[in-house]
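Asks: pasting the structure only:
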């Protein structure tokens, strides 16, 4: 056989073996020259408000700070007596929001995955109303990139969804329609929707977004086009927290999970300001976002502002700051210790935000809301993060959609208040609008309700008698104390009495 033929056959064989080895990737690792360019870190100068306050802080509409964690398990905070690693890690700053304000015993996410849940939170509406039931895959190759390197078939979607799960978790909706690479960049909340930021701007609020967006980066979908005066973060569903080889990071790779393999191979470490060039954060992502939140609050201390602080913690990839990891020697398991250290940084960030509000004299008249976009994910391989609830992210069992929800506003909310009865992420829209004195839209159905009358005891009963969730064929309703799940994969109906 001629030399050229041997080389050709050898090359084909190597490519074939590589393709087989990489069959569990969403797409093969893109070469560096295709990956987005990331510039060096640069300072961010937040648009300053007035040098002096025209109206004292306690006489103007309340500032609103919405803090959203990413894939935080119900048992990841110690408020209810639990906590990571059997309580070896406490979350005193997050707990203080609930103890110093109101906690909702039945707080629910708008959906069981990141994007539609955030869509409900931003718009006050079921995402089904505007066709956003799924989390789009983060596949953004150039149009000319060979489609054969991208896995978009339904069987692959189901394989990822059902990876390392038992039958009760095989309820992930088929995301095949959301994985079309030619149009995924245009999948998001349409510009015709009204966001919290747009609502609050009608009352003169300065609006700022920090961190994860995940609601589309097509025309009219980006945060600076959806009512935010300023946006510093990333449009896709995740980022690295530090470069993998940083001396300041502790990594935990889940080699059993194809999603994790994809993230480690392809996620950048970057942010962008108002759609500008991507650049590297100055430090560990959670601490960097906190630094910027502190700066943004300081710049706007003399005017009403809305700050949407959307941490990507503790979403994968699991990366902890080495100092946080070293502070937790009592946790023996490496993966669990990295995860706990990530939540330690998240809790520290919440504490710094609250300390900044106090230092600026804003704490009494600022409504601070804390929640998670959905429950903890099964694919990180930590079985207790949603304890005591069954299910995970991407299922509508309680473990997938029951989330911590706290509101802290000393001027209006009595410490230690607790509200029973279902509430949802979309109630944040109506509550924020009403406390700001903004008129809610009249040209569309708004599914959220103002929670303040319930918090202040002016209205009794449950804020909602019925809540719905839907992702394609997977449909769930909670009506009173009954919860009905119509599952796919396998086809089965499950009815629960939530009292028992």
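Replies: Sure, I can see it. Not measured: the values here are computed from a predicted model. Residues are numbered from 1 along each chain as shown.
Asks: lowest confidence element among the helices and strands of the chain?
Replies: helix 154-161 (a mean of 36; mean pLDDT, DSSP states H and E).
Asks: List the contacts of the residue nearest to residue 362 when sequence neighbours are not counted.
Replies: Once flanking residues are discounted, residue 362 sits nearest to residue 57: 5.4 Å by Cβ to Cβ, 6 or more residues apart in numbering. (Glycine included, C-beta is placed from N, CA and C.) For residue 57, the contact set (Cβ atoms under 8 Å, 6 or more residues apart in numbering) comprises 63, 301, 361-362, 364-365.
Asks: mind redoing it with 10 Å?
Replies: Residues in contact with residue 57 (Cβ atoms under 10 Å, 6 or more residues apart in numbering) are 63, 301-304, 357, 360-366, 411.
Asks: In ChimeraX, how would I select the buried members of the residues you listed?
Replies: In ChimeraX, a selection of the buried entries from the contacts of residue 57 looks like this (16 or more other Cβ atoms under 10 Å):
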select :63,301,302,303,304,357,360,362,363,365,366
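Asks: Adding secondary structure, pLDDT and distance to residue 78, write the contacts of residue 57 out as CSV.
Replies: Below are the contacts of residue 57 laid out as CSV (DSSP: H, G, I helix; E, B strand; the rest coil; pLDDT from 0 to 100; distance: Cβ to Cβ, whole Å):
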residue, secondary structure, pLDDT, distance to residue 78
63, strand, 98, 27
301, coil, 97, 31
302, coil, 97, 36
303, coil, 97, 35
304, coil, 97, 33
357, helix, 98, 22
360, coil, 97, 28
361, coil, 97, 29
362, coil, 98, 27
363, helix, 97, 22
364, helix, 97, 26
365, helix, 97, 28
366, strand, 98, 24
411, coil, 97, 27
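Asks: Report pLDDT for the residue nearest the centre of the chain.
Replies: By Cα atoms, centre = their mean, the chain has its centre lying nearest to residue 70, at 3.6 Å. Looking at residue 70, its pLDDT stands at 98.
Asks: ok, residue 297 to residue 48 distance?
Replies: From residue 297 over to residue 48 the distance is 12 Å, taken as Cβ to Cβ, to the nearest Å.
Asks: quick one: which of the two has more around it?
Replies: residue 297 (23 against 13; other Cβ atoms under 10 Å).
Asks: thinking the more buried one is in contact with residue 46, fair?
Replies: Yes - with contact defined as Cβ atoms under 10 Å, residue 297 counts as touching residue 46 (9.1 Å).
Asks: Next, show the common contact partners of these two.
Replies: 208, 305.
Asks: tell me which strands and helices the helix or strand following the least confident helix or strand of the chain is in contact with?
Replies: From helix 154-161 onward toward the C-terminus, using DSSP states H and E, the following helix or strand is helix 196-201. In terms of contacts (3 or more Cβ pairs under 10 Å, 6 or more residues apart in numbering; DSSP states H and E), helix 196-201 is packed against strand 63-69, helix 114-123, strand 206-212, strand 305-310, helix 427-436.
Asks: part of a strand, is residue 494?
Replies: Yes - under DSSP: H, G, I helix; E, B strand; the rest coil, residue 494 falls within a strand.
Asks: Which residue, neighbours along the chain excluded, lies closest to it?
Replies: Nearest non-adjacent residue to residue 494 (Cβ to Cβ, 6+ apart): residue 485, at 4.5 Å.
Asks: Give the burial count for that neighbour, as a bare number.
Replies: 20.
Asks: Tell me the strands beside whatever helix or strand it lives in, with direction?
Replies: Element membership of residue 485, judged by DSSP H and E, is strand 482-487. The strands that strand 482-487 pairs with in its sheet are strand 474-479 (antiparallel), strand 492-497 (antiparallel) (by DSSP bridges).
Asks: Please dump those strands into CSV; it should also carry mean pLDDT for every row.
Replies: CSV is the format used below for the strands paired with strand 482-487 (pLDDT from 0 to 100):
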stretch, mean pLDDT
strand 474-479, 96
strand 492-497, 95
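Asks: Could you identify which of those strands is most buried?
Replies: strand 474-479 (a mean of 19; mean count of other Cβ atoms under 10 Å).
Asks: List the contacts of that one.
Replies: 106, 108, 112, 128, 133, 171-174, 394-398, 400-401, 422, 424, 464-470, 483-489, 493-494, 496, 498.
Asks: what about the helices in the protein?
Replies: 3-21, 84-87, 92-99, 114-123, 154-161, 196-201, 258-266, 285-299, 322-326, 334-359, 398-401, 427-436, 452-455 (DSSP state H).
Asks: Quick one, which of these gets closest to residue 275.
Replies: helix 196-201 (15.2 Å; Cβ to Cβ).
Asks: Would you mind listing the buried residues in the closest one?
Replies: 196-201.
Asks: ok, now stretch 401-416?
Replies: Neighbour counts over stretch 401-416 (16+ other Cβ under 10 Å) mark 401-409, 412-413 as buried.
Asks: circling back to that earlier point, any idea how far the residue nearest to residue 362 lies from residue 81?
Replies: 35 Å.
Asks: Pull up the per-residue confidence for the residue nearest to residue 362.
Replies: The model reports residue 57 with a pLDDT of 88.
Asks: What of residue 6?
Replies: 51.
Asks: got it, and residue 187?
Replies: On the pLDDT scale, residue 187 gets 83.
Asks: Looking at the buried residues of helix 196-201, which one is closest to residue 386?
Replies: residue 196 (27.1 Å).
Asks: if I look at that closest one, how far off is residue 47?
Replies: Separation of residue 196 from residue 47 (Cβ to Cβ): 19 Å.
Asks: pLDDT below threshold where in the protein?
Replies: Scanning the chain for pLDDT under 70 picks out 1-35, 137-186.
Asks: Surely residue 246 touches residue 322?
Replies: Yes - the criterion here is Cβ under 10 Å, and residue 246 meets it with residue 322 at 8.6 Å.
Asks: Show me whatever sits in contact with both of the two.
Replies: Joint contacts of residue 246 and residue 322 (Cβ under 10 Å, 6+ apart) are residue 284.
Asks: What is the burial count for residue 387?
Replies: Residue 387: 16 neighbours (other Cβ under 10 Å).
Asks: How about residue 202?
Replies: Quick note: residue 202 (other Cβ under 10 Å) scores 14 neighbours.
Asks: how far away is it from residue 61?
Replies: As for residue 202, its distance to residue 61 is 11 Å (criterion: Cβ to Cβ).
Asks: what is in contact with those two at once?
Replies: 436-438.
Asks: Mind giving me the ChimeraX select for the residues you listed, buried ones only?
Replies: Selection of buried members from the shared contacts of residue 202 and residue 61 for ChimeraX, criterion 16+ other Cβ under 10 Å:
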select :436,438
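Asks: does residue 413 really touch residue 365, like I thought?
Replies: No - if you go by Cβ under 10 Å, residue 413 and residue 365 don't touch, sitting 11.5 Å apart.
Asks: how much space is there between residue 374 and residue 385?
Replies: Residue 374 is 12 Å from residue 385, by Cβ to Cβ.
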